[in-house]
Structure formats: structure tokens, C-alpha cells
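Coordinates only, no sequence provided:
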């Protein structure tokens, strides 16, 4: 009788321990999810580092390249050189489309 009870208690303990190993707060399933999350975050960091480097290059070009500075002034501020003529194309709205103010 004692051996059956000990065997049953040991089996319950083993099941509880293996359940905690796989599904507990620090279990194998949680570990795998955290590892996948860490890989995803590393990829995001690499992408952000690449974007930062591209921005640094753009900043250097804007600060030191007069051609780039002129290009930005023309695009964003609408600057033109003296003697240049600017043509603006205005499209007519489609029939039935609401008129814009």
C-alpha cells in the first residue's frame, strides 16, 4: 500500500514538474516566445540603425552639398532662380466629384 501511494505521489509530482517545465512562467514555451521576440527586436534595431545611417548621410549632404541644398529649396519651398518661368499644372476635377475649396 505504501509503495502504491509513493508511486502515485511520485507520478503526480512528475506530472506537475513537467507541466511547469513546459507551460509555467519560466517554462519552455515562454522561453521560445521570448527568444522569438528578441530576434524580432534585433531585426527592428538593425533596420533603425540603417535608417539612422541614411539620415546621417542626408544631414551631411544637406549641410555640405550646395546642389542638395538647392534641390531641397526648390522642392519644399518652391524657390526658383531669377529668369526661370514656373508652370503649374492644375487638373480639373472629375465629373461628379465634390468641389474642393
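Thanks, I have the structure now. These numbers were taken from a predicted model, which means no experiment stands behind them.

Contacts for stretch 72-80, please.
62, 70, 86 (C-beta atoms under 8 Å, 6 or more residues apart in numbering). All C-beta atoms are positioned from the backbone trio N, CA, C, and that covers glycine.

Can you show me the helices along the chain?
Counting by DSSP state H, the chain has helices at residues 2-23, 28-64, 66-77.

Can you give the distance from the first one to the centre of its chain?
Read it as helix 2-23. Here the centre of helix 2-23 is set off from its chain's centre by 45 Å, with C-alpha atoms, centre = their mean, to the nearest Å.

Could you list every helix and strand that it packs against?
helix 28-64 (3 or more C-beta pairs under 8 Å, 6 or more residues apart in numbering; DSSP states H and E).

contacts for the helix or strand bottoming out on mean pLDDT in the chain?
For the chain, counting by mean pLDDT, DSSP states H and E, helix 2-23 ranks last in confidence among helices and strands (a mean of 79). Applying C-beta under 8 Å, 6+ apart, the contact partners of helix 2-23 are 27, 28, 29.

Hey, what's the angle from it to helix 28-64? Just curious.
20 degrees (axes from the mean of the first three to the mean of the last three C-alpha atoms, to 10 degrees).

Mind listing what's buried along helix 2-23?
Within helix 2-23, no residue is scored as buried using 16 or more other C-beta atoms under 10 Å.

quick revisit: and the contacts of stretch 72-80 as CSV, adding pLDDT?
Formatted as CSV, the contacts of stretch 72-80 follow (pLDDT from 0 to 100):
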residue, pLDDT
62, 91
70, 89
86, 83
